[in-house]
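> here is the input, now give the coordinates:
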Amino acid sequence: LFPYTTLFRSDVLVPAIMKEYGVDRARAESYVPLGCGEFEFDHYSFATPSGALNAVKILEIAMNGGWEPVGRHPFGPQTKGLRDCATFAEFYDIYKRHLAYYIEAQAKFEAYEYQKAGELHAFMYVSMLCDGCPESGKAIFNGGCQSYHGTLELYGVINAADSLTSINRLVFEQKLLTADQLLAILADNFTGHERERKLMQDCPKYGNDDAEADGMAVSLQRYLCQTIIDQAPKVGLQSYFAVIINNAQNTTLARWAGASPDGRKAGTPYANANNPSMGADKNGVTAMLNSLLKMPIDNNAGMVQNLRFTRELFEGSRPKVLSLIDSYFARGGAQLMVTVVGKDDLAHALENPDGYKDLIVRVGGFSARFVDLPKDVQKEIYERVTY
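Got it, this is the predicted structure:
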């Protein structure tokens with residue numbers, strides 16, 4: 001088992017970081033991955049992921065015009081719902097309005113958090129290690145740090161993008177379902193609607209090198225990342241960026257979201273960071289990597305891409321696997337997390353936890369003992385595609 005293999009390509013990342021942060025090459029080359037993979041500068045900046053955006057949950061609220069169906073109360077902007085929209089473009093704009101509402105609120109909280117931290121604590125040890133603090137005599141959150149950055153974690157983006165593709169195809173283009181039918185099917189969590197669910201599952205999905213599905217994912221990612229960037233000057237941060245990572249919140253946040261138009265059932269996990277939804281990539285590992293390569297890297301502060309091989313494949317076809325990884329990076333890949341695990345190890349660990357206490361798995365931006373994770377997180381990891 002090789003769970004800690006995280007690969008970065010700096011000659012791709014450094015120019016992107018220079019563009020994003022507006023820094024020179026020397027500063028960009030001092031980048032360090034923080035936590036699950038978000039970037040900051042060594043001894044110079046502070047960036048903390050103090051918020052998380054649940055893209056599927058917000059889509060659910062937007063489809064219902066600002067009504068939250070689980071708690072059964074109004075939530076966020078009160079707008080037209082899906083049934084009131086004449087075109088997909090109209091609904092997509094409404095969804096973006098809902099996304100912007102939560103992004104703006106979390107940006108304000110990020111700035112407030114820095115302000116209150118500076119008022120309440122000196123953090124002397126960290127301040128001594130931060131450029132600018134010893135020279136100015138100011139603590140890290142009281143004006144001493146050279147550069148304050150904020151980051152917002154994104155979850156469910158791929159499922160939301162696949163759901164938008166389904167809505168566009170089934171409701172607006174092919175008119176196989178009305179908006180009312182779609183909403184009723186989702187409210188029933190597909191019970192008694194197996195045929196309609198298959199229609200949703202059969203719509204193009206990100207991860208198959210499909211222009212339509214991948215284009216939707218890139219469109220949504222670009223909107224989210226740019227809207228987040230736009231908040232920085234409004235709230236007094238040097239920058240505010242999205243981080244597209246995974247720390248098990250693709251499972252925990254999904255517990256509170258209903259069924260989605262990509263065919264995902266209520267409460268079940270979202271896709272892991274930039275990766276396709278579990279089982280959605282049908283065209284093999286090369287097509288999956290082709291989809292990953294379409295995602296912009298110069299509009300966010302870090303992303304996670306996981307790739308898992310069976311030990312049997314890795315050991316039996318090592319040259320081919322390494323060539324595949326080399327090709328990914330040669331074509332502009334910036335980051336990859338590689339896990340190698342025995343074909344049946346995870347299944348055995350689910351059945352016999354006491355016999356697999358030393359089994360380490362890649363959750364997202366970090367690794368953990370498999371048997372210590374919550375059961376639904378274990379199940380999500382088990383169900384990921386393994387090549």
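
> please count neighbours and contacts with C-alpha atoms only from this point.
OK.

> so Phe39, which of the three states?
Classification of Phe39 using DSSP: H, G, I helix; E, B strand; the rest coil returns strand.

> show me where the stretch 251-387 of the chain has its strands.
300-303, 306-310, 335-341, 360-362, 367-369 (DSSP state E, counting those that start in this stretch).

> out of those, which is closest to Gly51?
strand 300-303 (13.9 Å; C-alpha to C-alpha).

> what number of residues lie near Asp354?
Counted with other C-alpha atoms under 10 Å, the neighbours of Asp354 add up to 10.

> ok, it to Tyr382 distance?
17 Å (C-alpha to C-alpha, to the nearest Å).

> before we move on, what about Thr87?
From Thr87 to Tyr382 the distance is 39 Å (C-alpha to C-alpha).

> before we move on, back to that, just the strands of the stretch 251-387 of the chain: most buried one?
Neighbour counts (mean count of other C-alpha atoms under 10 Å) averaged over each of the strands of the stretch 251-387 of the chain peak at strand 300-303, with a mean of 27.

> touching it from outside, list them.
With C-alpha atoms under 8 Å, 6 or more residues apart in numbering as the test, strand 300-303 has contacts from 17, 20, 33, 37-39, 151, 225, 241-245, 273-274, 297, 335.

> same question, stretch 334-352
Contacts of stretch 334-352 (C-alpha under 8 Å, 6+ apart): 1-10, 12-13, 297, 303-312, 314, 355-356, 359, 361-362, 370-371, 378, 382.

> quick one, what contacts Phe75?
Per C-alpha under 8 Å, 6+ apart, neighbours of Phe75: Ile61, Gly66, Trp67, Glu68.

> near the closest residue to the third one other than its chain neighbours, how many other residues are there?
The spatial neighbour of Trp67 that comes closest, neighbours along the chain excluded (C-alpha to C-alpha, 6 or more residues apart in numbering), is Pro74 at 4.4 Å. By other C-alpha under 10 Å, 14 other residues sit near Pro74.

> give me the pLDDT for Pro74.
Looking at Pro74, its pLDDT is 94.

> in this structure it contacts Gly66, no?
Yes. In this structure, Pro74 is within contact of Gly66 by C-alpha atoms under 8 Å, at 5.7 Å.

> so how far does stretch 61-69 reach from one end to the other?
8 Å.

> gap between it and the chain center?
22 Å (C-alpha atoms, centre = their mean, to the nearest Å).

> off-centre distance for the helix or strand of the chain with the lowest mean pLDDT?
Least confident helix or strand of the chain, by mean pLDDT, DSSP states H and E, is strand 360-362 with a mean of 76. Counting by C-alpha atoms, centre = their mean, strand 360-362 is centred 19 Å from the centre of its parent chain.

> packing partners for it?
Judged by 3 or more C-alpha pairs under 8 Å, 6 or more residues apart in numbering; DSSP states H and E, the packing partners of strand 360-362 are strand 367-369.

> paired strands for the strand it packs on, with orientation please.
Sheet partners assigned to strand 367-369 using DSSP bridges are listed as strand 360-362 (antiparallel).

> circling back to that earlier point, higher neighbour count, Thr87 and Tyr382?
Neighbours per residue (other C-alpha under 10 Å) separate Thr87 from Tyr382, with Tyr382 holding more: 19 against 13.

> tell me the pLDDT of the more buried one.
pLDDT at Tyr382 comes out at 80.

> can you name the residues that contact it?
Leu346, Ala347.

> from Asp344, how far out is it?
Distance from Tyr382 to Asp344, by C-alpha to C-alpha: 10 Å.

> where in this structure is pLDDT low?
For the chain, applying pLDDT under 70 flags the ranges 1-5, 343, 364-365.

> show me the contacts for Leu129.
Leu129 neighbours (C-alpha under 8 Å, 6+ apart): His43.

> which stretches of the stretch 1-150 of the chain form helices?
10-21, 25-28, 55-63, 88-120, 124-128, 133-136 (DSSP state H, counting those that start in this stretch).

> pick the most buried one from those helices.
Using mean count of other C-alpha under 10 Å, helix 55-63 ranks as the most buried of the helices of the stretch 1-150 of the chain, with a mean of 25.

> what lies in contact with that one?
In contact with helix 55-63 (C-alpha under 8 Å, 6+ apart) are residues 67-69, 75, 79, 81-83, 94-95, 98-99, 154-157, 159-160, 183, 254, 256-258, 260.

> same thing with stretch 98-113?
50-51, 53, 55, 58, 62, 76-77, 150, 152, 224, 227-228, 231-232, 235-237, 240.

> buried subset of these?
For the contacts of stretch 98-113, a burial check counting by 16 or more other C-alpha atoms under 10 Å picks out 51, 53, 55, 58, 62, 76-77, 150, 152, 224, 227-228, 231-232, 235-237, 240.

> dump the helices of the stretch 1-150 of the chain to a markdown table, plus distance to Arg331.
Below are these laid out as a markdown table (distance: least, C-alpha to C-alpha, whole Å):
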| stretch | distance to Arg331 |
| --- | --- |
| helix 10-21 | 10 |
| helix 25-28 | 21 |
| helix 55-63 | 29 |
| helix 88-120 | 31 |
| helix 124-128 | 39 |
| helix 133-136 | 41 |
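
> of the ones you listed, which is nearest Lys320?
Of all those, helix 10-21 comes closest under C-alpha to C-alpha, at 23.3 Å.

> in contact with Val126, which residues?
Val126 makes contact with Ile140, according to C-alpha under 8 Å, 6+ apart.

> hmm, I was thinking of Ala273
154-158, 244-246, 250, 303-305, 364.

> report the separation between it and Phe8.
Ala273 is 16 Å from Phe8, by C-alpha to C-alpha.

> quick check: Asn142 touching Glu119?
Yes. Between Asn142 and Glu119 a contact is recorded at 7.2 Å, counting by C-alpha under 8 Å.

> distance check, the nearest residue to Lys175 once chain neighbours are set aside against Thr87.
Computed as C-alpha to C-alpha, 6+ apart, the closest residue to Lys175 that is not its neighbour in sequence is Arg169, at 7.4 Å. Note on Arg169: its distance to Thr87, by C-alpha to C-alpha, is 11 Å.
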